[in-house]
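Engineer: Need a 3D model of the sequence below.
(2 chains)
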Amino acid sequence: NAGVTQTPKFQVLKTGQSMTLQCAQDMNHNSMYWYRQDPGMGLRLIYYSASEGTTDKGEVPNGYNVSRLNKREFSLRLESAAPSQTSVYFCASSEVRPDGYTFGSGTRLTVV
Amino acid sequence: DAKTTQPTSMDCAEGRAANLPCNHSTISGNEYVYWYRQIHSQGPQYIIHGLKNNETNEMASLIITEDRKSSTLILPHATLRDTAVYYCLGGTSYGKLTFGQGTILTVHP
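Structural biologist: I've put the predicted structure just below:
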């Protein structure tokens, strides 16, 4: 089915390790987003990419970097993981029109 | 992005209509009202959006007041599977969306 695919679905990291969360969409959407959701909380925007070749900081960008590899793919990198980055990470995409976002199923990251 | 205010939680009996309110008094003229829901720990699911007029789709109806300061999402015949967190957001057609805490809707048998 068409949609947003995130990998991996689960990951455990040790403090200080690095990793990249992958996101790909096959809907030819221009915009892509990375959110994090802590337990019992709403989603907070980390970074977004309004179009291929552009990225901008969201509400909580510290400790993260992103790459818009091409129109389909938008990756999120943790250079030196910290326990405070334990969260569920959601990727989303949208077209530049009023219709809503399509979200992936999430990556559950635990940093110990 | 417009700031929205929603009740923390609501209950609804199965088969009855669920009416979820949202206040967005600071919404600007070019911002849409969006509704999403999140079932358990899945990714949020888009439900509906509107600008000025009331909207209806296969999932729900959206009623926006004339002054656009508030709206109501209506699930006409709630089922147990509609138990979820419902988010009301304000945003433009091109910008990012900011999620708040949402309303936890519990549908009871």
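Engineer: partner residues bridging the residue at minimal distance from the centre of chain A?
Structural biologist: Nearest residue to the geometric centre of chain A (CA atoms, centre = their mean): A:Trp34, 3.0 Å. Here A:Trp34 sits in beta bridges with A:Tyr47, A:Cys91, going by DSSP bridges.
Engineer: Might you report the residue contacts of residue 59?
Structural biologist: The chain I'm using is chain A. Contacts here follow CB atoms under 8 Å, 6 or more residues apart in numbering or on different chains; on that basis A:Glu59 touches A:44-46, B:98. For the C-beta atoms, the positions are set from N, CA and C on the backbone; glycine is no exception.
Engineer: actually chain B
Structural biologist: B:47-48, B:75.
Engineer: check those residues against chain A, which are close?
Structural biologist: Among these, the residues that sit close to chain A (CB under 8 Å from any CB of the partner chain) are B:Ile47.
Engineer: Spell out which residues of chain B are next to chain A.
Structural biologist: Checking chain B against chain A by CB under 8 Å from any CB, the hits are B:32, B:34, B:36, B:41-47, B:49, B:51, B:87, B:93-94, B:96-102.
Engineer: Contact residues of chain A facing chain B?
Structural biologist: Residues of chain A lying near chain B (CB under 8 Å from any CB): A:4, A:31, A:33, A:35, A:41-45, A:48, A:50, A:58-59, A:88, A:90, A:92, A:96-106, A:108.
Engineer: Report the buried members of the residues you listed.
Structural biologist: A:4, A:31, A:33, A:35, A:42-45, A:48, A:50, A:58, A:88, A:90, A:92, A:100-106, A:108 (16 or more other CB atoms under 10 Å in any protein chain shown).
Engineer: before we move on, which element is A:Val12 in?
Structural biologist: strand A:10-13 (DSSP states H and E).
Engineer: list the helices and strands whichever helix or strand comes after that strand packs on?
Structural biologist: Where DSSP H and E defines the elements, the next helix or strand beyond strand A:10-13 is strand A:19-25. Where contact means 3 or more CB pairs under 8 Å, 6 or more residues apart in numbering or on different chains; DSSP states H and E, strand A:19-25 is packed against strand A:4-7, strand A:10-13, strand A:31-37, strand A:74-78, strand A:87-94.
Engineer: Any stretches of chain A with poor pLDDT?
Structural biologist: A:1, A:96-98 (pLDDT under 70).
Engineer: can I have stretch A:39-54 written out in PDB, keeping just the CAs?
Structural biologist: The C-alpha trace of stretch A:39-54 is given here as PDB (Å, rounded to 0.1, in the frame of the first residue of the first chain):
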ATOM      1  CA  PRO A  39       4.800   9.100  26.800                       C
ATOM      2  CA  GLY A  40       1.400  10.800  27.400                       C
ATOM      3  CA  MET A  41       2.400  13.900  25.300                       C
ATOM      4  CA  GLY A  42       1.400  15.300  22.000                       C
ATOM      5  CA  LEU A  43       3.700  15.300  19.000                       C
ATOM      6  CA  ARG A  44       6.500  17.800  18.800                       C
ATOM      7  CA  LEU A  45       8.100  18.900  15.500                       C
ATOM      8  CA  ILE A  46      11.800  18.200  15.200                       C
ATOM      9  CA  TYR A  47      12.600  19.200  11.600                       C
ATOM     10  CA  TYR A  48      10.800  19.600   8.400                       C
ATOM     11  CA  SER A  49      11.500  19.800   4.700                       C
ATOM     12  CA  ALA A  50       9.100  21.900   2.700                       C
ATOM     13  CA  SER A  51      10.600  20.700  -0.500                       C
ATOM     14  CA  GLU A  52      13.500  18.700  -1.900                       C
ATOM     15  CA  GLY A  53      16.700  20.500  -1.000                       C
ATOM     16  CA  THR A  54      15.400  22.500   1.900                       C
END
